[in-house]
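Trainee: Sequence plus predicted model, see below.
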Amino acid sequence: MTAEQSSDLKIFSKPIPLNGAVLMGFPGSGLVGTIALQYIVDQMEFEQVGSMTSKYFPPLAMMNSGIINDPVRLYTKNNDKYNITAIVADIPIAPPICYEISNAILDWLMQYKPKEVLTIAGIVTNEPDKRVFGVSTTQESLARIRDSTILLPVGSISGIASSILTECKVRGIPGYGLLGETVNAPDPRASAATIEVLNKLYDLGLEVRPLIEQAVEIEQSMGKIAEEVQQQAEQTPKKDLPMYG
C-alpha cells in the first residue's frame, strides 16, 4: 500500500482497477450516498483497499462492533462482470475545502484513467415519493441515465458532489450525479431507490429489501453524522436557485 499526498489530502491505497467506474458517496441530505454505497460494498463483499485523511476533516469517526472505521474508505470489486471503485465517507466535507478535496481526489484518480465517475447525494423535497433525479457533465452522456432517472431541468448542486462533477467536466471525464429524494434525516429508503438505479446502470442485481428492513437501525446509528451535516448546511450561504446536495 502506498501513500500519495497533496497539501490537503493523504491517500493510502493499493492500486485500483484501470478504466473502471468510480462511485462516490459523501454525507449530505439524508445521508443517501453514504448509506447506499456502504450497503453495496458490504453486500457485494468489495475489498477495502485504502483510505483518505486530511487535516481539514472534522474530528469524527464511526465505530462498528467496537472498531473505529477510517473516515473515508476506498473499496474495489474487480472481476469479469464488475470493475468498480467505491469511495465511501462517514464525514461531511465543509464547503470551504470542497474544491481542494475534490481536486486532490481527481488528481489521484487520473493515473487510473477512470471510465466514468458517479456521485450519490440527496435532494430534499416535500414529496413522499423516493424518486431519483439525475445530472450529467455532458449532453452526450445524458443518454446513459435518461431512462433510469428524472433529469433535473434547472438549479444548482452544492457541496462535495458539485465539486467532484465540476472537476470531471473540466478534465473530460464523464460524470454523473444521482440525487435521491429525501428528508433531512438518515434515509435508507432513498438510498435503496438510488441502488435500484445503480442496478440498472451496472447490472449489480442487488436486492434492497434487507436495507429497508434495517431502516430503523440505520437511522439511529447515522444520527450523529446527520447532525454534523445539518450544522454545516445551516452555515452555508443560501442561493436563489434551487440547490441540491
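Mentor: Noted; the coordinates are in hand.

Trainee: Alpha carbons of the longest helix along the chain, in CSV - could you do that?
Mentor: Longest helix in the chain by number of residues, with DSSP state H as the criterion: helix 188-202. Below are the C-alpha coordinates for helix 188-202, written out as CSV (Å, rounded to 0.1, in the frame of the first residue of the first chain):
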residue,chain,number,x,y,z
PRO,A,188,-32.3,4.3,3.9
ARG,A,189,-35.4,4.2,1.7
ALA,A,190,-34.0,7.0,-0.5
SER,A,191,-30.7,5.1,-0.6
ALA,A,192,-32.5,2.0,-1.7
ALA,A,193,-34.0,3.9,-4.6
THR,A,194,-30.6,5.1,-5.8
ILE,A,195,-29.3,1.5,-5.6
GLU,A,196,-32.1,0.4,-7.9
VAL,A,197,-30.8,2.9,-10.4
LEU,A,198,-27.2,1.5,-9.9
ASN,A,199,-28.6,-2.0,-10.5
LYS,A,200,-29.7,-0.8,-14.0
LEU,A,201,-26.5,1.1,-14.8
TYR,A,202,-24.1,-1.6,-13.6
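
Trainee: Tell me which other helices or strands it touches.
Mentor: If you count contacts as 3 or more C-beta pairs under 8 Å, 6 or more residues apart in numbering; DSSP states H and E, helix 188-202 packs onto helix 32-43, strand 116-124, strand 132-136, strand 175-182, helix 209-213, helix 215-221. Glycine gets a C-beta too; all of them are placed from N, C-alpha and C.

Trainee: just so I know, which of these lies nearest Ser102?
Mentor: The closest approach between Ser102 and any of those, judged by C-beta to C-beta, belongs to strand 116-124 at 9.7 Å.
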